[in-house]
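**Q** Here's a sequence, model it:
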Amino acid sequence: MKRRYEQDEVDILIVGAGAAGGVLAKELSEAGLSVVVLDAGPWRDPQKNFASDELSMRQLGWEDTRLVDGTVPLGMGYSNSGRGVGGGTQNFTGVFLRFHESDFKTKSIDGVGEDWPIHYKDLEPYYNRIEKEIAVSGPKHFPWGNFRGPYPYPERDPLSPNAYLFQKGCEALGIQSAVTPLAILSAPFDGRPPCINRGFCIQGCMPNAKFSTLTVHIPKAVKAGAEILPDCMVTQIEVDANGHASGVLFIHQGTEYRQRAKTVILSAHAVETPRLLLHSASPQFPDGLANSSGWVGRAIMTHSSNDVYAKFEQEVRLYKGTPVLASTQDFYETDPRRGYARGYTIHSHGSRPIDMAEGISKSTQDPLWGSGLRQAMLNYNHYGRLTMVGEVLPQWDNHISLSDEKDDYGMPRAAVTFNYGDNDRKLIDHAVDNMQLILKAAGGEIAFVVPDTQHFMGGCRMGNNPATSVVNTYGQSHDIPNLFICDASLFVTSSGCNPTNTVMALAARTADYIIELASI
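**A** Modelled structure (predicted):
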């Protein structure tokens, strides 16, 4: 490789070029710091490497084997993480919601989970900055949470048939709904075109109407001097005699390289970040880096993401338009009358044919295969679909560990152990009941309920107490001051909404902190 910084000790080394890593690379390089970013996957060109093809675009996900244990069959790979420059922002739906104040104080307010060491107000200026920077499209008035609009760009219009049916069902039941805030342009911005409703958002957006760090933050980081190295798998974080991070070892095309750095930042995802920390154990840190508390890999969370399909007499055509175009958060906050704590968001959610076929084959009511699956899919154009994003409470026993099985790089594969708690299951039941009622009120006949999960979080929680957390409020390790963690593994609780906006807001806040430290 022809390397700009190969022989240098750079100011900043970032592992992972996804939602957080892209923001950090841009902010820190523009502040004049020397930055190298390593990503395990390729650097794609949307116009050349993205395709409107469900099967081929599964390559956008992290498809390496992970071992799963527990009572909940977690989906791995494409459905939960990205691989390559841009990370999961290449293949996410673009839903861009903020956490509510209550999300940061679940223990104090509702007696469950844990309190974050920050408040909504700590992230508010960063939510504002990120949403303006990428021109989030959303309603003039959003009915829930601390931020009620307006968003920088107008809401998407027109909506999909599935979204209109969802709104119809909500209105009939007296449930509020709104057009979903999206990191997808409704008008031209910064050289990017508006969305034309191709509908293949999670297969990568060829026109670049959907935001990704691949097309927004990474080019700006490169312009400011950052070096981006794709297809480089980091296998070890190195520490010096003083117990400080000194750089990393990584493999590119079968050859091992070393990059030295004054500060190392892990933005590698909620599975890979704990895995790398645990694998980097040394005589100084026998239990893994940043793990004196024992919390590395612990209290991982996902979102419950069950789908409900209903059959309609008229054609719906779930492939039409952006997948998510309308939502409700009427069930987001705790209501003691429901018998569980916390809540969820419901989205109208489109589906491509392979996605639907794969889902309904695992239906909780009547799993399908063979002729039954074929017959159901012949009526694909007549199905509508709703999806929940349900809060899952943190549990110590839900964790990432290292297995005995090794991958192609000689690293132990990640072992993911996960079980729902009683509260999680009650919340899912309530959400599924409401989704069925909404679809029925819109004129549909309930056909399939599909269990699912999305969005890994936790595993390196932030906190003020080093005995019960891994990092401080800026993602700085309690044990190793020049080692930072900045991705969804920081999350203390999961919330009831999509996490990308909060991941990026945390990254912008961490970048400001590191810039301030560098200036001292």
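**Q** Need the pLDDT of Thr65.
**A** Listed pLDDT for Thr65 reads 85.
**Q** thought it was touching Arg413?
**A** Yes. Contact criterion Cβ atoms under 8 Å: Thr65 and Arg413 qualify, at 5.8 Å. C-beta here means a position set from N, CA and C on the backbone, and glycine is covered the same way.
**Q** ok, these two, which is more surrounded?
**A** Neighbours around Thr65 and Arg413, counted as other Cβ atoms under 10 Å, are more numerous at Arg413. The numbers are 16 against 13.
**Q** Tell me how many other residues surround Gln253.
**A** Using other Cβ under 10 Å, Gln253 is surrounded by 7 other residues.
**Q** excluding its backbone neighbours, what's nearest it?
**A** Spatial nearest neighbour of Gln253, excluding adjacent residues (Cβ to Cβ, 6 or more residues apart in numbering): Asp231 at 7.1 Å.
**Q** can I assume that neighbour sits in a helix?
**A** No. Per DSSP: H, G, I helix; E, B strand; the rest coil, Asp231 lies outside any helix segment and is coil.
**Q** what sits against it?
**A** Counting by Cβ atoms under 8 Å, 6 or more residues apart in numbering, Asp231 makes contact with Asp39, Ala40, Gly41, Pro42, Trp43, His252, Gln253.
**Q** Could you tell me which of these count as buried?
**A** By neighbour count, with 16 or more other Cβ atoms under 10 Å, the contacts of Asp231 hold Asp39, Ala40, Gly41, Trp43 as buried.
**Q** returning to that earlier point: what's the distance between the residue nearest to Gln253 and Arg83?
**A** As judged by Cβ to Cβ, to the nearest Å, Asp231 and Arg83 stand 10 Å apart.
**Q** what sits in contact with each of these two?
**A** Counting by Cβ under 8 Å, 6+ apart, the shared contacts of Asp231 and Arg83 are Ala40, Gly41.
**Q** Could you report the neighbour count for Thr255?
**A** Using other Cβ under 10 Å, Thr255 is surrounded by 8 other residues.
**Q** list the helices and strands the helix or strand of the chain with the lowest mean pLDDT packs on?
**A** Ranked by mean pLDDT, DSSP states H and E, the helix or strand of the chain with the weakest confidence is strand 67-69, at a mean of 87. Secondary-structure packing of strand 67-69 (3 or more Cβ pairs under 8 Å, 6 or more residues apart in numbering; DSSP states H and E): strand 412-417.
**Q** in the strand it packs on, what's buried?
**A** Applying 16+ other Cβ under 10 Å to strand 412-417 flags Pro412, Arg413, Ala414, Ala415, Val416, Thr417 as buried.
**Q** Next: stretch 315-332.
**A** 316-332.
**Q** which stretches of the stretch 51-200 of the chain form strands?
**A** 67-69, 178-179 (DSSP state E, counting those that start in this stretch).
**Q** same deal with the stretch 251-400 of the chain?
**A** Using DSSP E, counting those that start in this stretch, strands in the stretch 251-400 of the chain cover 255-266, 298-304, 307-311, 324-328, 344-349, 383-390, 399-406.
**Q** re the thing from before, quick check, nearest of the contacts of Asp231 to Thr468?
**A** Thr468 has its nearest neighbour among the contacts of Asp231 in Ala40, at 30.6 Å by Cβ to Cβ.
**Q** Could you double-check that Arg472 lies in contact with Asn464?
**A** No Arg there; residue 472 is Asn. Yes. Here Asn472 lies in contact with Asn464, judged by Cβ under 8 Å, at a distance of 7.0 Å.
**Q** okay, these two: which has more neighbours?
**A** When Asn472 and Asn464 are compared on other Cβ under 10 Å, the one with more neighbours turns out to be Asn472, at 18 against 12.
**Q** which ones are touching the more buried one?
**A** If you count contacts by Cβ under 8 Å, 6+ apart, Asn472 has them with Pro117, Met462, Gly463, Asn464, His478.
**Q** Farthest-apart pair in the residues you listed, please.
**A** So, the contacts of Asn472 by Cβ to Cβ: farthest apart are Pro117 and His478, at 11.8 Å.
**Q** Settle it for me: which of the two has more neighbours?
**A** Using other Cβ under 10 Å as the criterion, Pro117 and His478 rank with His478 on top: 21 against 17.
**Q** list residues touching both of Thr65 and Arg413?
**A** Glu405, Asp407.
**Q** what's the neighbour count on Glu516?
**A** By the criterion of other Cβ under 10 Å, Glu516 has 11 neighbours.
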